[in-house]
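Student: predicted structure and sequence below. I'll ask about it afterward.
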Amino acid sequence: MLGAIVLAVGVTFGVGTLVGPPDDEPSTAPDEPAAAGLDPQPTLVLATFDEEAAGRGASLIAVLGFDRTSGQGTVMFVPSTTVADIPGHGLLQIGRAYGFGEGPLLDASLDNLLGVDLDDVVGISRQGWASLFTRVGGLTIEVSERLDERLPDGSSRARFREGEQFLDGPRVAEFLTFQEAGESELEAMPRAQRVILALLDRVAEDPSVLDALFEDGAPMLDTAADPEHVRELLVRLAEAATRDELVVRTLPVSPIGSGTENSFRLDEARASELVEDRFGASRPVTTAGAGRDLQILNGNGVPGIGQRVAERLVPAGYKVVLTRNADRFDHEETRIIVYDDAPEQLAAAEEIRELLGVGRVELSRTPQSVADITVVIGLDFLERGESG
């Protein structure tokens, strides 16, 4: 079984699981070049939320990708408590993005954090997972250790006992989302890895199980994605796993503060290396904005305007490092402010103006350490930019 080859998660934050051959061994999958008109790397984000407290956001985030050329698949878990800039809302735990703006805002936030252009986000509630796992007939899961739940009187009882066992749909969903008292998100994440691998194992054994899942459009999946896109990606990843070409990783992060794991920050060097290795085909095409940090200021007072701007600029390679309100909300014209007159800076500013469809480029001689370029969004973006 594929799930049986999951290795233990390392003690270093962000070290995940490797399922597949060493990096220096070539893939045996046939090439499937993008020249055929296909997306070279279809991707998908799975975001788990609590239907009874949807406003809290996503509690479990996984990025799935399949490289058509190499035949390699990737499942990368992103700790939902990783602090990132959520366009229009500022620096917060990235899981909160789903609570503020569901799939589109989480997509924009992840694209910005990782420097990639992901295809779609699929939101799925805990009850939705139960329905999904029921439709595929339940799963056989390896429970590595006993898991206890805390009772109201302070005592505890076993919810899951150690050993390989078959779980029906609701029990798989409970195992996927279960956290013991005092257990951190990273400590619980290996269980989610086992569940995803067991699901792919089931699909590899019998791809027809997806018929029951998608026969009515899979209503438990909250997404604008084409169900066939979701189905194809699951099949591709299952096939990659049978060839030992599926890698499971956790996004490298480090705890914020001393002695606490309530929030994490991105380990930028290791994360960039991982993303380049596994999601390089989803990097934006190099443009004038590649690698440039942006500060987006809301100068028109419209809630969520930062998200709408980020959705235009992040796919072009820009990274939003800060979003907040401007000094006032009556800026008539969008301002694109650079802090030196180097040709490459001016070219990036002009590209931003073209992408937004409005604005004027300004040169400021005041030193700026937060970002390379500041964009103050004016009322003209509402009048002309969004229709462009």
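Tutor: Yes, it's here. Numbering: from 1, shown residues only.
Student: and the longest helix seen in the chain, which residues are buried?
Tutor: For the chain, the longest helix by residue count, based on DSSP state H, is helix 185-205. Across helix 185-205, burial judged by 16 or more other CB atoms under 10 Å covers 185-186, 188-204. Heads up, the C-betas are built off the backbone N, CA and C, glycines and all.
Student: outline the domain layout of the protein.
Tutor: Following automatic domain parsing, the chain resolves into domains at 2-282, 293-385.
Student: what mean pLDDT does the last one get?
Tutor: Domain 293-385 shows a mean pLDDT of 90.
Student: same question, the first one
Tutor: Here the mean pLDDT over domain 2-282 is 86, rounded to a whole number.
Student: could you identify the helix or strand that succeeds the longest helix of the chain?
Tutor: Using DSSP states H and E, the next helix or strand after helix 185-205 towards the C-terminus is helix 209-214.
Student: could you dump whatever helix or strand comes next after that next one to CSV, C-alpha only?
Tutor: Following helix 209-214 in sequence order, the next helix or strand is helix 227-242 (DSSP H and E). The C-alpha coordinates for helix 227-242 follow below in CSV (Å, rounded to 0.1, in the frame of the first residue of the first chain):
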residue,chain,number,x,y,z
PRO,A,227,-14.7,18.9,-11.3
GLU,A,228,-12.9,17.2,-14.1
HIS,A,229,-9.8,19.2,-13.3
VAL,A,230,-10.0,17.9,-9.7
ARG,A,231,-10.6,14.4,-10.8
GLU,A,232,-7.7,14.4,-13.3
LEU,A,233,-5.3,15.7,-10.7
LEU,A,234,-6.2,13.0,-8.2
VAL,A,235,-5.7,10.3,-10.9
ARG,A,236,-2.4,11.8,-11.9
LEU,A,237,-1.1,11.9,-8.4
ALA,A,238,-2.3,8.4,-7.7
GLU,A,239,-0.4,7.2,-10.8
ALA,A,240,2.7,9.1,-9.8
ALA,A,241,2.6,7.4,-6.4
THR,A,242,2.5,3.9,-8.0
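Student: in this structure Ser131 contacts Met220, no?
Tutor: Yes. When contacts are counted by CB atoms under 8 Å, Ser131 is listed as touching Met220 (4.4 Å).
Student: returning to what we had before: mind giving me the packing neighbours of the longest helix of the chain?
Tutor: strand 58-67, strand 72-78, strand 139-143, helix 169-177, helix 209-214, helix 227-242, strand 246-250 (3 or more CB pairs under 8 Å, 6 or more residues apart in numbering; DSSP states H and E).
Student: now find how far off-centre the helix or strand that the third one is followed by is within its chain.
Tutor: By that I understand strand 139-143. Downstream of strand 139-143, the first helix or strand assigned by DSSP H and E is strand 147-150. How far strand 147-150 lies from its chain's middle: 29 Å, per CA atoms, centre = their mean, to the nearest Å.
Student: so which elements touch strand 147-150?
Tutor: strand 156-160.
Student: in PDB, list the C-alpha atoms belonging to the helix or strand that the strand it packs on is followed by.
Tutor: Once the chain leaves strand 156-160, the next helix or strand it forms, by DSSP H and E, is strand 163-167. Output in PDB follows, covering the C-alpha atoms of strand 163-167 (Å, rounded to 0.1, in the frame of the first residue of the first chain):
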ATOM      1  CA  GLY A 163      -2.400  -0.200  14.300                       C
ATOM      2  CA  GLU A 164      -3.600  -0.500  10.700                       C
ATOM      3  CA  GLN A 165      -7.400  -0.400  10.500                       C
ATOM      4  CA  PHE A 166     -10.300   0.200   8.100                       C
ATOM      5  CA  LEU A 167     -12.200   3.400   8.900                       C
END
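Student: counting neighbours, which bits of strand 163-167 end up buried?
Tutor: Leu167.
Student: can you get me the start-to-end distance on stretch 316-332?
Tutor: 25 Å (CA to CA, to the nearest Å).
Student: gap between it and the chain center?
Tutor: On CA atoms, centre = their mean, the centre of stretch 316-332 falls 23 Å from the chain's centre.
Student: which parts of it are buried?
Tutor: Neighbour counts over stretch 316-332 (16+ other CB under 10 Å) mark Ala316, Gly317, Tyr318, Lys319, Val320, Val321, Leu322, Thr323, Ala326, His331 as buried.
Student: again with stretch 202-217
Tutor: So for stretch 202-217, counting by 16+ other CB under 10 Å, buried means Arg202, Val203, Ala204, Leu210, Leu213.
Student: can I get the residues you listed in CSV including distance to Ile61?
Tutor: Shown next, in CSV, are the buried residues of stretch 202-217 (distance: CB to CB, whole Å):
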residue, distance to Ile61
Arg202, 22
Val203, 21
Ala204, 24
Leu210, 22
Leu213, 21
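Student: what's the farthest-apart pair in the residues you listed?
Tutor: Largest separation among these by CB to CB: Ala204 and Leu213, giving 14.7 Å.
Student: can you classify Asn300 by secondary structure?
Tutor: Secondary structure state of Asn300, per DSSP: H, G, I helix; E, B strand; the rest coil, is coil.
Student: residues near the closest residue in space to it that isn't next to it in sequence, how many?
Tutor: Distances taken as CB to CB, 6 or more residues apart in numbering put Leu379 closest to Asn300, at 4.8 Å, once the chain neighbours are dropped. Other residues near Leu379 come to 19 when the count uses other CB atoms under 10 Å.
Student: what does Gly154 give?
Tutor: Using other CB under 10 Å: Gly154 sits among 6 other residues.
Student: can you tell me the helix or strand for it?
Tutor: Short version: Gly154 belongs to no helix or strand, going by DSSP H and E.
Student: ok so, going back, for Pro40, find the nearest of the helices and strands packed on helix 185-205.
Tutor: strand 58-67 (7.1 Å).
Student: what is the closest one packed up against?
Tutor: Strand 58-67 packs on strand 43-49, strand 72-78, helix 96-114, helix 169-177, helix 185-205, helix 227-242, helix 268-279, going by 3+ CB pairs under 8 Å, 6+ apart.
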